[in-house]
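Visitor: Sharing a model that was predicted from the sequence below.
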Amino acid sequence: MTTQGSACLKTADGRPFAVSPAALRWKGTGLARPECVLATADGDLYTADWRGGVAHIRPDGSQTLYAGGLPGGRPLRPNGIALRRSGAFLLADLGETRGGVFELGRDGSVGPFLEEVDGVELPPSNFVAEDRLGRIWVTVSTRLIPRTLAHRADIADGFIVVKDQRGARIVADHLGYVNEAHVSPDGEWLYVNETFGRRLTRFRIAAGGFLGGRETVTEFGKGTFPDGLVFDAGGGVWITSIVSNRVIRVAPGGSQQLILEDVDEAHVDWCERAFLSGAMGRAHMDACGGRFLKNISSLAFGGADLRTAYLGCLHGDSIASFESPIAGHPPVHWRY
């Protein structure tokens, strides 16, 4: 992990900026697998919730669960979520054997948004995001069932779908467990995390929403398995890592700065041995390995000045937060 030059965020007294896990603040109670967290300008937080929808945490601390079900009694298992201008949500469904993207209304209504692409039913689906042009980006981490079969460095069968006025189509394939994906603030690139490829990748966005010009922005080492990503106002990309409970800022030049870490070294060693031998499975993901954080999977900037970083965790029941010395870039849904 490197910190170098002016790319490094610093405190007022010139030290590299870092956050102690013990100093985190908390919002929300009783959440169920808040894997993805979103923040808006009016202070609302929204998180994916495995009770079947989205949990809404208001500035005063009150909560509402917007929940629904799928046809045939199939449970809705939202992983990534996107807030729409209408107030409804798009949910990437992480079912056991099937996935897709569904639209959830605040009245509990659920309707299909995308269930197949190129004539093939979508496998368990990881993430969904809307960009400023109204295009919808969807990631599928792997075609393998169960998904734990792809927790290996030598498996790369994840793909990215875009849905726009032309319809839905696969625009990138053969990715190492593709996770969160977002269009850069300048609209030129799609940034994606390859969790078990252990790298941050970007694709140049071509005319018609097609992708080309694949580049590796940076690669990660022992214990870092990138999951969530978000942009800041300085051109940096903030990465969350499961297993090691790390938050890392990747500067525009690709250097990495460790911002936060809540890690059990024995747990990381155990997971590393399993990963390198191709034996990483459900047990490794279900063991959290931190004193305060339980598999950080998502980060969203919020607060009046976009300097509050909110953390979603795979096995958490509330949302952690800390103050950043740099503001986040406003997300598409910031004023929704």
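Guide: Sure thing, it's come through. The structure presented is a predicted model; accordingly, all values stated were derived computationally and were not measured.

Visitor: Quick check: the gap between the closest residue to residue 32 other than its chain neighbours and residue 175.
Guide: Once flanking residues are discounted, residue 32 sits nearest to residue 50: 4.4 Å by CB to CB, 6 or more residues apart in numbering. Every residue, glycine included, has its C-beta placed from N, CA and C. Going from residue 50 to residue 175 by CB to CB, to the nearest Å gives 25 Å.

Visitor: neighbour-wise, which of the two wins?
Guide: Neighbour tally, residue 50 and residue 175, criterion other CB atoms under 10 Å: the higher count belongs to residue 175, 26 against 18.

Visitor: helix, strand or coil for the residue sitting nearest the centre point of the chain?
Guide: Nearest to the centroid of the C-alpha atoms of the chain, with distances taken as CA atoms, centre = their mean, sits residue 228, at 3.0 Å. Secondary structure, DSSP: H, G, I helix; E, B strand; the rest coil: residue 228 is strand.

Visitor: what's the answer for residue 22, then?
Guide: helix.

Visitor: Pull the contacting residues for it.
Guide: residue 292 (CB atoms under 8 Å, 6 or more residues apart in numbering).

Visitor: do residue 289 as well
Guide: Counted by CB under 8 Å, 6+ apart, residue 289 has contacts 243-245, 263-264, 267-268, 271, 295.

Visitor: which one's the longest helix in this protein?
Guide: Assignment by DSSP state H gives helix 265-277 as the longest helix of the chain.

Visitor: in the next helix or strand after it, what's buried?
Guide: Where DSSP states H and E defines the elements, the next helix or strand beyond helix 265-277 is helix 282-286. For helix 282-286, the buried set under the neighbour-count rule, 16 or more other CB atoms under 10 Å, comprises 284-285.

Visitor: Okay, the closest residue to residue 175 other than its chain neighbours and residue 216: tell me how far apart.
Guide: Spatial nearest neighbour of residue 175, excluding adjacent residues (CB to CB, 6+ apart): residue 158 at 4.0 Å. Separation of residue 158 from residue 216 (CB to CB): 15 Å.

Visitor: More neighbours: these two, which one.
Guide: residue 158 (28 against 12).

Visitor: State the pLDDT value of that one.
Guide: You'll see residue 158 listed with a pLDDT of 98.

Visitor: Go through stretch 228-238 and flag the buried ones.
Guide: 228-232, 235-238.

Visitor: So what would you say the end-to-end distance of it is?
Guide: 8 Å (CA to CA, to the nearest Å).

Visitor: Tell me the gap between that stretch and the middle of its chain.
Guide: 12 Å (CA atoms, centre = their mean, to the nearest Å).

Visitor: do the same with stretch 163-177
Guide: For stretch 163-177, the distance to the chain centre is 18 Å (CA atoms, centre = their mean).

Visitor: which outside residues touch it?
Guide: 114, 117-118, 133-136, 138, 141-142, 150-151, 153, 155-162, 178, 190, 192, 194-199, 201, 203, 208-211, 214.

Visitor: Return the helix or strand in the protein with minimum mean pLDDT.
Guide: helix 282-286 (a mean of 91; mean pLDDT, DSSP states H and E).

Visitor: just the CA coordinates of that helix, formatted as CSV?
Guide: What follows is helix 282-286, C-alpha atoms only, in CSV (Å, rounded to 0.1, in the frame of the first residue of the first chain):
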residue,chain,number,x,y,z
ARG,A,282,-18.8,-19.3,1.8
ALA,A,283,-17.2,-19.8,5.2
HIS,A,284,-14.5,-17.2,4.3
MET,A,285,-17.1,-14.6,3.3
ASP,A,286,-19.3,-15.2,6.3
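
Visitor: how far is that helix from where the chain is centred?
Guide: 18 Å.

Visitor: Over to stretch 287-306?
Guide: 11 Å.

Visitor: If anything else comes up later, I'll come back, but that's it for now.
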